[in-house]
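Trainee: Pasted the sequence and its predicted model underneath.
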Amino acid sequence: MSSQELPPHLVIPVPDEGWPARFHDVDGRRYMSLGSEIYAPTDPTIGEVQSLYGYWATEHDNPYDKQHAWIKSVGYACADLISFYLGGETDGLRLLDMACGTGLVSQGLRERLDIATHVGADLTSEMLDVARSKPDLAGVSLVIGDVRKPMFAPNSFDAITGSLFINHLGNSQDRIATFKGAREMLRPGGLFVMIDTQNNPMREQVAAEFYEAFEYAALTHEIAHVDSVAPDGFMLDYYVGQA
Ligand SMILES: C[S@@+](CC[C@H](N)C(=O)[O-])C[C@H]1O[C@@H](n2cnc3c(N)ncnc32)[C@H](O)[C@@H]1O
């Protein structure tokens, strides 16, 4: 298969003979499986991220929200971590969900926490449109934003969450800029919770970069999500950074 044959949304039908579990190389470029025949380049351009998620948000026959309904429970785990690390002092909480997508994590967070100011930011307008259609997210300000640049002034948030996006930042420079930007937007003592899949081949590097960016950092939780989509469980890393 040549790159010319790749459809613009980067959905690559799995050939009959099957592909390696997670990666596939096409014309010298590496693609990573995100599930449901969707493969993302490991070094995507902004346009490719928007094209891929623009398609997966609603057009794909297994849309993102339907396939990933379980991600709401990631919001529950984030809420527990935020309460724990902020010593239960969550009154008037100001929270940013970066790379919020369709808002599944934010939905879980709102079930568990009373959030006074809640912002969700993402690159892909179609993902945000799905989030905007959800009644339980009516109180959330949903905006276009790129995680690699601080989107808000220093000291704007008590907590920031960011789930399942770091694999789309193909280089160290972008990841470090993202972590440092998150730290900058937090008040002193504020908390960043980042969630990633445990089988990210860049796991060690991501962890080292994360630890460097925060005053205090820990990789505390590894939670198995078991449901019909992931019958054998789905291990996630919860990175916690305190500013
Ligand atoms: C797998 S989805 C995760 C969405 C949501 N956090 C969740 O856990 O369901 C990845 C999201 O990251 C967004 N994304 C990727 N790169 C981004 C960037 N540089 N800035 C903002 N959003 C980005 C995509 O648009 C997509 O919505």
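Mentor: Structure received. Numbers count the residues shown, from 1 in each chain.
Trainee: low-scoring pLDDT stretches of this structure, where are they?
Mentor: For the chain, applying pLDDT under 70 flags the ranges 1-21, 36, 221-234.
Trainee: contacting residues around the closest residue to the ligand within the chain?
Mentor: The ligand sits closest to Gly101 of the chain, with a gap of 2.6 Å, by CB to the nearest ligand atom. Where you see a C-beta, it was placed from the backbone N, CA and C, and this is true even at glycine. By CB atoms under 8 Å, 6 or more residues apart in numbering, the contact set of Gly101 is 53, 64, 122, 124, 127, 131, 163-165.
Trainee: 6 Å instead, please
Mentor: Contact analysis of Gly101 by CB atoms under 6 Å, 6 or more residues apart in numbering lists 122, 127.
Trainee: which parts of this protein sit against the ligand?
Mentor: Residues of the chain found near the ligand (CB under 6 Å from any ligand atom) are 49, 53, 68, 71, 99-101, 104-105, 122-124, 127, 146-148, 163-165, 168.
Trainee: Strands - which of the residues you listed land there?
Mentor: Applying DSSP state E to these, the entries found in strands are 122, 163.
Trainee: I'd assumed Tyr239 was in contact with Ala218.
Mentor: No. Proximity of Ala218 to Tyr239 does not meet the contact threshold set by CB atoms under 6 Å, at 7.7 Å.
Trainee: which of these two has more neighbours?
Mentor: Neighbour count, other CB atoms under 10 Å: between Ala218 and Tyr239, Tyr239 has more, with 22 against 15.
Trainee: Leaving out chain neighbours, which residue sits closest to Met98?
Mentor: Closest residue to Met98 apart from its sequence neighbours, by CB to CB, 6 or more residues apart in numbering: Gly162 at 4.3 Å.
Trainee: how close does that neighbour sit to Asp174?
Mentor: 13 Å (CB to CB, to the nearest Å).
Trainee: who's more crowded, those two?
Mentor: Gly162 (24 against 16).
Trainee: Strands along the chain, start to end?
Mentor: Here the chain has its strands, by DSSP E, at 23-26, 29-35, 38-41, 93-98, 115-122, 141-144, 157-163, 186-197, 216-224, 235-242.
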